[in-house]
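>>> my questions are about this predicted structure, shown below with the sequence.
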Amino acid sequence: LLLLLNASVPTYLYSYSWEKVTNISPRDGAWISNYWLDIYFLPANDSFGWICGRHGKVLRTTDGGLSWRGVQIPGADHLESVHFVNAFVGYTSGPAGIFKSTNGGASWTDITPPAHADLSNLWGNYFLNADYGLVIGGGCNLSYQHFWLTTDGGQTWTETTYNIPGSGLTDLILYDDGNGYCVSSGNLWQTLDSGRTWSVYSNTGSNIWHEEITHLGPTFVLPYSGDNCTGQGASGGIRYTHSSGLTWHNYETGENMFGIFCEDASKIWAAGWNESIYYSSDGGATWVNKNCGIDPGNLDDIWFKSPNQGWVVGQDIYRFSNDRVDVSRDSIFFGNNCYPGEYYDTVYVENISFNAANFVISLEGRHPFEFELLIPETDLLMTACEMLEIPIRFNPNTVGLKEATIKILQNGNPYYVKLVGKTYES
C-alpha cells in the first residue's frame, strides 16, 4: 500500500539517479543482499521507516533512511506487507502469517489468525489504529478471498470470505470515514463499513495479479504482473483510471510490475523486474524508465518521502541520489614496451543521471601527443545512463617515460585519468 504526496516534482528531478544503500546493520552480505518486498515510511513522521522481505527480515530506520537496523522473525520466511500506525505499533504480513511490533520494529510477536486451509495465501495488511485493522489474502487456485478483521490488535479475529473465481487478494487501504478499497487479480473492491463487508467495485480487465493499490480521488493506479491470477508469466504493466473505475487504461512495460507510488494524480512511479522503474508526469499518458544507477536485477516496491527523496527495494535497496559520473579507472599504465610500437587500453565513462549531459574530453600533461583518444568526438552530449567507451592508443615518438592525463569535463565538473607508458630500444 502506498500513500500519495500532494507535491509537484521540480525540474531538478531530472538531475537525479539511484544509489545503492549499504548502511545496514547487521553489516553482512546476507542482509545487504536480501530480497526486499515492501517499504513504508510513517506519514506523520518520515524519520521512521520499515522494509520487509524474504527470510523473515525486517529493517527499520529512525533517521529518515540514513541508516537501517535489521531483525529476523523466526519462521516468517516471506513477508509481503509492512504498515505502522505510529512510531511504535506496526504489522508485517505475508504467506508466513501476520506479526505485530510494539517497539518500532525491534521485536515481533506472531498474531496470525487460527489455522485455516488458505492461511498460506495471506498477503497484505492495513490498520486504522493500533487495534483496528485487516489482513487479507487468497482467491487464486480455486480458493476463496479471505478478510480477517481484528478490533483488539490481533488478539482475536473475525473472518469473512467471498468467492470471486481466480482473483487473488493482495493490498488494501482504509479511511476513517468507513470507506476503503482493496485489490485482487483483475478487480477493485470497496468497503463502506471499515472492512466488515466488501464488494467488487470495478473490474480492471483480465484477472492478472495486482500487488498494490494507490488511490487519490477518482484516480486508482495498479501494477500488474504476468498473465494469470498468481502473477506468473513474463509480462506486465500498469493499469490506471481517472474516473473511479468507469474506464481503465493500460500501459504494457513488458516486465512484471509489483510496486506503485503516486506523488499526485499526474506523477506516478512503478517498479518491477529487470531494473524497471517507470515514471509518468502526465497521469499515465507517457512513461519513461528512470533506472540509472540500478544494478541488473529485479525490483518490488517503491516509495517517495518527498519529490527528491525516493526509495526502491527488491534485489538490493536504492535511494534517490545526485547524478554522478562513473569513470572506470583513474590511471592506466601501458607497461614497459619496445620502441617503436603501438599499445592500447580502454577507459569507460558512464553518465549516471536521468538527464543528458555535456562532456568535453581532452589530453593534457607532459606528453599529450604521445597518446591518442580513439573516439570520433571529444565534445559530445551523453544521454541518460549512457556509457562511453574510450579506446586509448600509446604511440610514443621517442624512447623513455611518457605521461599524460585524460581530462573529462561533465557540465564543468572535472574527472582525471592518469596515463603512463615507458619504452626502450628493441
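Nice, I can see it. Residues are numbered from 1 along each chain as shown.

>>> these two touch, right, T405 and H367?
No - taking contacts as Cβ atoms under 8 Å, T405 lies outside contact range of H367: 10.0 Å. Every residue, glycine included, has its C-beta placed from N, CA and C.

>>> show me where this protein has helices.
Assigned by DSSP state H, the chain shows helices spanning 29-32.

>>> find the residue closest to G153 in space, skipping its chain neighbours.
D131 (4.5 Å; Cβ to Cβ, 6 or more residues apart in numbering).

>>> sorry, that was for P114
Residue nearest to P114 in three dimensions, not counting chain neighbours: W157, with 7.3 Å by Cβ to Cβ, 6+ apart.

>>> may I have the residues that are in contact with the one you found?
Contacts for W157 were tallied using Cβ atoms under 8 Å, 6 or more residues apart in numbering; they are P113, P114, W148, L149, T150.

>>> return the closest of those with respect to S235.
W148 (31.5 Å; Cβ to Cβ).

>>> check contacts around that closest one.
Contacts of W148 (Cβ under 8 Å, 6+ apart): P113, L134, V135, I136, W157, T158, E159.

>>> so where's the protein uncertain?
1-15, 115-120 (pLDDT under 70).

>>> which residue is the nearest non-sequential neighbour of the residue most central in space within it?
Nearest to the geometric centre of the chain sits V312, at 2.4 Å (Cα atoms, centre = their mean). Once flanking residues are discounted, V312 sits nearest to I302: 4.5 Å by Cβ to Cβ, 6+ apart.

>>> hmm, the one you found is touching I39, no?
Yes - taking Cβ under 8 Å as the definition, I302 is a contact partner of I39 at 7.5 Å.

>>> shared neighbours of the two, anything?
Common neighbours of I302 and I39 (criterion: Cβ under 8 Å, 6+ apart): W311, V312, V313.

>>> and the residue lying closest to G254 once chain neighbours are set aside, what does it touch?
Leaving out its chain neighbours, the residue that sits closest to G254 by Cβ to Cβ, 6+ apart is S235, at 6.3 Å. Taking Cβ under 8 Å, 6+ apart, we find S235 in contact with S225, G226, D227, E252, G254, E255, N256.

>>> count of residues packed around the last one?
Yep, that's N256 we're talking about. 25 (other Cβ atoms under 10 Å).

>>> isn't it right up against T230?
No - N256 lies out of contact with T230 (Cβ under 8 Å); the separation is 11.4 Å.

>>> returning to that earlier point: kindly indicate the member of the contacts of W157 with the most neighbours.
W148 (25 neighbours).

>>> so what sits opposite the closest residue in space to Y126 that isn't next to it in sequence in the bridge?
Spatial nearest neighbour of Y126, chain neighbours left out: L172 (4.9 Å); criterion: Cβ to Cβ, 6+ apart. Applying DSSP bridges to L172 yields these beta-bridge partners: C182.
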